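Visitor: curious how this folds, go ahead:
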Amino acid sequence: MPKLYQEFETIDDVAAFYNRYAKEAGFSIRSHSSATSKDKKQLMRKEYVCYKQGDSKVEGEKRKRGLPKVGCKARIAVVRKKESGRYAISVFVEAHNHLLTSPPRVHLLRSHRHVSKVNTVLSQQLSLVNVEKHKQFEFFGVQAGGIQNIGFIQRDLYNYGRTCREEKKGRDGDLLYMHFENEKEKDSSFVYTMDGDEENRVTRCFWADSISRRAYSFYGDVVIFDTTYNTNRYGMIFAPFTGVNNHGQTIIFACAFLNDETADTFVWLFKEFLNAMPGDAPENAPKMIITDQDPAMTKVISEALPQTFHRYCSWHILNKFSEKLDAIKYRDSYQDFHSCIWNSSSREEFDSRWIEIIEKSGLSDNK
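Guide: Okay, the predicted model is just below:
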């Protein structure tokens, strides 16, 4: 318990001491008033009060957030001693005019909540692997032996995430550039390209490391290019170039972020891809490329990769059946179409089965 004339080395020591006392007693504190020397260089007086000090401007049920203030007089004030420069308690009011918080709930009060450095670093790492904040909070609770032992509430974790985003706002491009440069220092064969607009905002970027480039020299005869992945935070399109190795495993040849899917963007991207891959362009182009049915991409591939066979992804084709057929015909005919696509052993067999399904399902005039 605080005592009059009790001394502290720094003002931070005062705040920490009074906050520990408040947690034991069952209330929260906040900074209230202060006074400095005439030259504004020294803090001469500082006061900390109960979180219910003062009067609420909004009464009763109309108050939507926070706890109502009830004019509580509990407080502590310290003054700086001229001789030693230490801070001594000059005022201590112990009594409260409200009920104190019970021990099981005192950790929820604001001055007793703090996201530690260890937890912030762990939260950042979990966010990198797409673990949502509410799942992170559950993990911290298990780790601490109960949510009452974490030291903060779920909202604090969301607030921390928002603060991090605000700090990075406007610097994301610089951070990405620094990351690419660091990768290049570690891997001399790492390549990247970044483009920006007149306001220095990143509009598109491309990168590939030595492992991916080497894999292309072995397995780059067939490339799968898919731009259906969208990032939530920046609205940019993630465009990976992938393939399959001799073990049937998916491998990555290169990746890009794009801000649109125009012909000019695809021309730039395929040029960067061929320049980055082993061999001389255009001789190092893949024998086949599989994509979705984007019209701009179809046109660009015929121009940028004239010696490459272009085929549409069967997954995208099958997904469009539900858009092109009514619900009844989709239900009755989907398995037939699926079997025709996947189980036909020749072009002739496919054409024959396809015509048969069209006539059987009455889809001859379907647009």
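Visitor: quick check, Asp156 in contact with Val115.
Guide: Yes: in this structure, Asp156 is within contact of Val115 by CB atoms under 8 Å, at 5.4 Å. Glycine gets a C-beta too; all of them are placed from N, C-alpha and C.
Visitor: so where do the helices sit in the protein?
Guide: Using DSSP state H, the helices of the chain run over 11-25, 117-128, 133-144, 154-168, 172-186, 210-219, 263-276, 295-304, 314-319, 321-324, 327-343, 347-361.
Visitor: how about low-confidence regions in the chain?
Guide: In the predicted model of the chain, residues 57-67, 165, 167-171, 228-234, 366-367 satisfy pLDDT under 70.
Visitor: closest to the centroid, which residue in it?
Guide: The centre of the chain sits closest to Ser127, judged by CA atoms, centre = their mean, with a distance of 6.0 Å.
Visitor: give me the neighbour count for Arg204.
Guide: 21 (other CB atoms under 10 Å).
Visitor: for the helices of the chain, which one sits closest to Ala77?
Guide: Closest of the helices of the chain to Ala77 is helix 11-25, at 9.5 Å (criterion: CB to CB).
Visitor: what are the buried residues along the closest one?
Guide: Ile11, Val14, Ala15, Phe17, Tyr18, Asn19, Tyr21, Ala22, Lys23 (16 or more other CB atoms under 10 Å).
Visitor: spit out the contact partners of Ser212.
Guide: Ile251, Ile252, Phe253, Ala254 (CB atoms under 8 Å, 6 or more residues apart in numbering).
Visitor: partners of the nearest residue to the last one once chain neighbours are set aside in the sheet?
Guide: Think Ala254. Leaving out its chain neighbours, the residue that sits closest to Ala254 by CB to CB, 6 or more residues apart in numbering is Ala208, at 3.8 Å. Here Ala208 sits in beta bridges with Val191, as judged by DSSP bridges.
Visitor: got the contact list for Ala208?
Guide: Per CB under 8 Å, 6+ apart, neighbours of Ala208: Phe190, Val191, Tyr192, Phe253, Ala254, Cys255, Ala276, Met277.
Visitor: returning to that earlier point: as JSON lines, the buried residues of helix 11-25 with distance to Glu183 would be great.
Guide: Formatted as JSON lines, these follow (distance: CB to CB, whole Å):
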{"residue": "Ile11", "distance to Glu183": "45"}
{"residue": "Val14", "distance to Glu183": "47"}
{"residue": "Ala15", "distance to Glu183": "43"}
{"residue": "Phe17", "distance to Glu183": "47"}
{"residue": "Tyr18", "distance to Glu183": "48"}
{"residue": "Asn19", "distance to Glu183": "44"}
{"residue": "Tyr21", "distance to Glu183": "50"}
{"residue": "Ala22", "distance to Glu183": "48"}
{"residue": "Lys23", "distance to Glu183": "46"}
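Visitor: nothing else from me, thank you.
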